[in-house]
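Student: Task: produce atomic coordinates for the following.
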Amino acid sequence: MSKNFYITTPIYYVNDVPHIGHAYTTLACDVLARFKRLDGFNVKFLTGTDEHGQKVDKAAAAAGMSPQAFTDKVSQNFRELCSVMNFSNDDFIRTTEPRHYKAVENLWNELVKRDEIYLDKYAGWYAVRDEAFYGEDELQDVDGKKIAPSGAECEWVEEESYFFRLSKWQDRLLKYYDENPDCIMPSSRRNEVISFVKSGLRDLSVSRTTFNWGVPVPGADKHIMYVWLDALTNYITALGYPNMDGEMKDLWPTAIHMVGKDILRFHAVYWPAFLMAADLPPPARVFAHGWWTIEGQKMSKSLGNVIAPQYLVDTYGLDQTRYFMLREVPFGNDGDFSHAQMIARVNSELSNNLGNLLQRTLSFIQKNAGATVPHPAQLQANDQLLMTQIDMAIRTVRDHLDKQEFHKAIETIVGLSNSANSYIDSEAPWTLKKNNEIDRMNTVLFILCEAIRALGLLLLPFIPDSAHKMLDAIAVPENQRNFAAYGRAGECKPGTPLPPPAPIFPRFEEKAA
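Tutor: Numbers count the residues shown, from 1 in each chain. This next block holds a predicted model:
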């Protein structure tokens, strides 16, 4: 089994500031990257910004800035998002970097050499907002305007253009989807892509001449590369392409692209076609997740309901925000952000469930077991049952995350916490203390320490700061905070002094108006 893992966010378009949707995609990638690192993998986690194209050119002009100065400013907002949300990305790529120009030019030249690109004239409907071309049959007439499926207004464009021979890749794309059933997920999105490709592919215009903010086409000064051919190449730029050794050799075969459903076509149709046409393997998987609404309404500037990640962190807490966003809805579905539901999740699962388990266990050890990890005696059936559930939890969480089922992974962790709370209730160490059954009491408390340790390790990818505090509370050494030490391999050491317990998951209390 490969112990390499490459995970990417889409590179975010720099015509606006980051919102909850950007944070959601990157958070999902961050959790996968953290989990795989803990599981002994060589991981690369990439995010960054897409800085070329007509939309950016227009946004820069509206701001009274040059495109480069504008992108320098806005790209920094996305770098800061990584800090705000405690993302662990290994690289941050910008499409205005020299390394990217080199990679894109090489890919273009490779496609030209293989006769996959030719010069012709383009006439058709183009949406500046989407940086996408649409067929007449895809558009709606609304108040005399041509509207794309995304809601973007389209304009008629006629210009000389280079074309990529996308139509010749229709059958080979369908064969690729058939032979790699997990290459597009979830399955509903896979079906959409297959249906689109089966409906017929036209050759794709891959250059523009009406503006000049982009990567110049080699040897054709008036042509700028189509922004999606430019942007998608970032994923291999970051691995050192055109150098096919090193990271390209080790990491590219494992690539998972995490994208919003609105850009699935570019990643699951155009991108694999570009790659195969250049004799490069497609990514291992493209996963398209859903969109967030806010209190049941679509996010929009006009409604004033766009939520900045910093606001969520300031209001609810960093780890609480991370937890809620991946807990609330199945990844791949659309989700709704609700203030009331956020508070309910934080209080019921983090404070009442996890927090209660920690406080009851650790306070009792502090007062009644010498403030050290207790020495266990012989295990009984109930002890073995909980220990078995602990052993199984890592396998279940691993399986769910390998399928990007974040909510199911968290459900498994919450289920283990529920079981530990039921265990402390049924075994009642306070009663054992009262009855002077000290060996049995210490055994129960040791098992509870093991449950807390397992929960802390499993939560490290999701809520790293809080999970480390959980592991601090039972004195887990730094070098044992990984999955190699999960379960019996890294059991708590009896006699280890434990610090006085402190609340890790406070209840969220509404502030009086």
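
Student: quick one, helices of the stretch 401-513 of the chain?
Tutor: Using DSSP state H, counting those that start in this stretch, the helices of the stretch 401-513 of the chain run over 406-427, 429-434, 438-459, 464-473.

Student: want to try a markdown table for those helices, with mean pLDDT and mean neighbour count as columns?
Tutor: Using the backbone N, CA and C atoms, a C-beta is placed for each residue, glycine as well. Formatted as a markdown table, those follow (pLDDT from 0 to 100; neighbours: other C-beta atoms under 10 Å):
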| stretch | mean pLDDT | mean neighbour count |
| --- | --- | --- |
| helix 406-427 | 97 | 19 |
| helix 429-434 | 97 | 16 |
| helix 438-459 | 98 | 23 |
| helix 464-473 | 98 | 19 |
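
Student: CSV please, covering these and showing distance to Tyr226.
Tutor: Compiled in CSV, these are given as follows (distance: least, C-beta to C-beta, whole Å):
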stretch, distance to Tyr226
helix 406-427, 33
helix 429-434, 66
helix 438-459, 43
helix 464-473, 39
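
Student: Check which residues of stretch 361-370 are buried.
Tutor: Thr361, Leu362, Phe364, Ile365, Asn368, Ala369 (16 or more other C-beta atoms under 10 Å).

Student: Which one of those is nearest to Lys55?
Tutor: The shortest approach to Lys55 among the buried residues of stretch 361-370 belongs to Leu362, at 53.3 Å (C-beta to C-beta).

Student: wouldn't that closest one be in contact with Pro501 here?
Tutor: Yes - the criterion here is C-beta atoms under 8 Å, and Leu362 meets it with Pro501 at 3.8 Å.

Student: Please enumerate the shared neighbours of those two.
Tutor: Contact criterion C-beta atoms under 8 Å, 6 or more residues apart in numbering; residues shared by Leu362 and Pro501: Ala473.

Student: Tell me where the model's unsure across the protein.
Tutor: Applying pLDDT under 70 to the chain picks out residues 1-2, 299-305, 512-513.

Student: Tell me which of the helices of the stretch 401-513 of the chain approaches Pro309 most closely.
Tutor: helix 464-473 (15.6 Å).

Student: tell me the angle that closest one makes with helix 438-459.
Tutor: 160 degrees (axes from the mean of the first three to the mean of the last three C-alpha atoms, to 10 degrees).

Student: Go ahead and name everything in contact with helix 464-473.
Tutor: For helix 464-473, contacts defined as C-beta under 8 Å, 6+ apart pick out 34, 86, 318-319, 350, 354, 358, 362, 452-453, 455-457, 459-460, 481, 498-499, 501-502, 504-505.

Student: my guess is Ile184 contacts Arg190, does it?
Tutor: Yes - contact criterion C-beta under 8 Å: Ile184 and Arg190 qualify, at 3.9 Å.

Student: How about the secondary structure of Thr288?
Tutor: Residue 288: Ala, not Thr. At Ala288 the chain is in strand, as set by DSSP: H, G, I helix; E, B strand; the rest coil.

Student: show me the residues around it that make contact.
Tutor: Ile184, Met185, Pro186, Arg189, Val259, Gly260, Lys261, Ile263, Leu264, His267, Ala268, Gly332.

Student: Swap in 6 Å and give it another go.
Tutor: The neighbours of Ala288, taking C-beta atoms under 6 Å, 6 or more residues apart in numbering as the test, are Arg189, Val259, Lys261, Leu264.

Student: now swap in Phe78 and tell me
Tutor: Here Phe78 is in contact with Tyr12, Pro18, Thr49 (criterion: C-beta under 6 Å, 6+ apart).

Student: so what's the backbone phi/psi at it?
Tutor: phi -80, psi -30 (degrees, to the nearest 10).

Student: please renumber so the chain begins at 4
Tutor: Happy to do that; since the first residue is 4 now, the last one works out to Phe81.

Student: what's the spacing between it and Pro101?
Tutor: Here Phe81 is placed at a distance of 20 Å from Pro101 (C-beta to C-beta, to the nearest Å).

Student: The helices of the stretch 404-516 of the chain: which one's closest to Phe73?
Tutor: Nearest of the helices of the stretch 404-516 of the chain to Phe73, taken as C-beta to C-beta: helix 467-476 at 33.5 Å.

Student: Go ahead and produce PDB holding the CA coordinates of that closest one.
Tutor: Taking C-alpha atoms only, helix 467-476 is exported to PDB below (Å, rounded to 0.1, in the frame of the first residue of the first chain):
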ATOM      1  CA  PRO A 467      -6.200  19.800  17.100                       C
ATOM      2  CA  ASP A 468      -5.900  22.500  19.800                       C
ATOM      3  CA  SER A 469      -8.600  20.900  22.000                       C
ATOM      4  CA  ALA A 470      -7.400  17.400  21.300                       C
ATOM      5  CA  HIS A 471      -3.900  18.200  22.400                       C
ATOM      6  CA  LYS A 472      -5.400  19.600  25.600                       C
ATOM      7  CA  MET A 473      -7.200  16.300  26.200                       C
ATOM      8  CA  LEU A 474      -3.900  14.400  25.700                       C
ATOM      9  CA  ASP A 475      -2.100  16.900  28.000                       C
ATOM     10  CA  ALA A 476      -4.700  16.200  30.700                       C
END
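
Student: For Ile393, give me its contacts.
Tutor: Per C-beta under 6 Å, 6+ apart, neighbours of Ile393: Ala457.

Student: Please, which helix or strand holds it?
Tutor: For Ile393, the element it lies in under DSSP states H and E is helix 384-405.

Student: Which ones among the contacts of Ala291 lie within strands?
Tutor: Judged by DSSP state E, the contacts of Ala291 include Val262 as members of strands.

Student: hmm, which two among the contacts of Ala291 are most spread apart?
Tutor: Pairwise distances across the contacts of Ala291 peak at 9.6 Å for Arg192 and Val262 (criterion: C-beta to C-beta).

Student: hang on, the earlier thing: who has more neighbours out of Ile187 and Arg193?
Tutor: Counted by other C-beta atoms under 10 Å, Ile187 and Arg193 do not tie: Ile187 has more neighbours, with 25 against 20.

Student: Please report phi then psi for that one.
Tutor: phi -130, psi 120.

Student: quick one: contacts for it?
Tutor: Going by C-beta under 6 Å, 6+ apart, Ile187 touches Arg193, Val196, Ala271, Val289.

Student: Quick one, which of the helices of the stretch 404-516 of the chain gets closest to Gln71.
Tutor: Taking C-beta to C-beta, helix 467-476 is the member of the helices of the stretch 404-516 of the chain nearest to Gln71, at 35.1 Å.

Student: ok, back up a step: TSV please, covering the contacts of Ile187 and showing distance to Lys124.
Tutor: Formatted as TSV, the contacts of Ile187 follow (distance: C-beta to C-beta, whole Å):
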residue	distance to Lys124
Arg193	35
Val196	29
Ala271	28
Val289	32
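
Student: Out of those, which sit inside helices?
Tutor: Among the contacts of Ile187, the ones falling in helices (DSSP state H) are Arg193, Val196.

Student: so what's Lys58 up against?
Tutor: With C-beta under 6 Å, 6+ apart, Lys58 has these contacts: Asn18, Val131, Glu134.

Student: Now the strand or helix carrying it: buried residues?
Tutor: According to DSSP H and E, Lys58 maps onto helix 57-65. By 16+ other C-beta under 10 Å, the buried positions in helix 57-65 come out as Gln57, Lys58, Val59, Asp60, Lys61, Ala62, Ala63.
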